[in-house]
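Enquirer: any chance you could fold what I've pasted below:
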Amino acid sequence: KEWGFGQLIPRSTFYNANEGYLDQDTGSFGAEIFIVKPAQQQEKVTFISNPPNNVFTWKILRFSTLEDKFYYSDDFLVGDRYWRLGFNPKGSGGGRPHALPIFLFAQGHKANAVATNTWGAVNLRLKNQRSTNHRQIYSAAWYPIGSGYGVGVNNIILMSELKDASKGYMVNDAIIFEAEMVKVSVTNIVS
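Expert: Numbers count the residues shown, from 1 in each chain. Here you go, the predicted model:
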C-alpha cells in the first residue's frame, strides 16, 4: 500500500536553494513511524427498543399543597441506568407560572454496568384519569455519565386546563405522570 501526500510542498519551493531543502543538488527524506498498541478494551453500544420494565408511573397526591420547588420521583431502572421524573408544580422556565413542566433525569448506573453516556428516548405523559386523552411529549437525548441531567418540557399542559375538573387530568387533587422508555442504549466491554 502507498501512504503519504501527493504534494507535501510545491516543487518550486523544493528546488529553491534559499529554502534549504537541497544541499549540493541532494535532498534527504525521512519518515517517523509510530507503533500504536491496539486498544485493550472496546465498547459495544447496543440500542434496545421497548426494553423490559420500561413504563414507570408516578402518582402525585395533594397537588394543591405542593410548594414552589422541584419534586422528584423514586429512581427506576431501565437498561443499565437509573432514571427519575421531576417537576415543579408552580412551573419552570418559559412555562412558568402558566404551565406544568415534566422532565426525565438520568441518574447512576446499576452495579457492574459500564458507566458511560446513555441514549434515552422517552414518551413523557400526564395521564388523563377519565379517558385515554393523555398529554404526551416525546424526548430523546444522550445523557452524560453524571447524574442529574434532565430533558423534558416546560409546558405539558396549561395550569388552567390541569385544574379544570371536567378535563380529567387532576382528580381528587392528584395527578399521574408516566414515563415510557421506548429506547435506551446499553454499553458492554468486548475484548
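Enquirer: where exactly do the helices run in the protein?
Expert: Ranges of helices in the chain, per DSSP state H, are 11-15, 159-163.
Enquirer: export the ones you listed to JSON lines and tack on distance to Trp119 and mean pLDDT?
Expert: (Each C-beta comes from the backbone N, C-alpha and C, glycine too.) Formatted as JSON lines, the helices of the chain follow (distance: least, C-beta to C-beta, whole Å; pLDDT from 0 to 100):
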{"stretch": "helix 11-15", "distance to Trp119": "49", "mean pLDDT": "83"}
{"stretch": "helix 159-163", "distance to Trp119": "31", "mean pLDDT": "96"}
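Enquirer: deepest-packed of the ones you listed, please.
Expert: helix 159-163 (a mean of 15; mean count of other C-beta atoms under 10 Å).
Enquirer: return the distance of Gly86 relative to Asp68.
Expert: Look at Gly86 and Asp68: by C-beta to C-beta, to the nearest Å, they are 14 Å apart.
Enquirer: from memory Gln129 sits against Ile176, does it?
Expert: Yes. Gln129 is within contact range of Ile176, at 6.5 Å (criterion: C-beta atoms under 8 Å).
Enquirer: quick one: neighbours of Leu100, just the number.
Expert: The local packing of Leu100 (other C-beta atoms under 10 Å) involves 29 other residues.
Enquirer: wait, what's in contact with it?
Expert: Contacts for Leu100 (C-beta atoms under 8 Å, 6 or more residues apart in numbering) come out as Phe87, Pro89, Gly91, Leu126, Asn155, Ile156, Ile157, Leu158, Met159, Leu162.
Enquirer: and Gly86 and Asp68? which has more neighbours close in?
Expert: Neighbours per residue, other C-beta under 10 Å: of Gly86 and Asp68, the larger number sits with Gly86, 19 against 10.
Enquirer: thanks a lot, see you next time.
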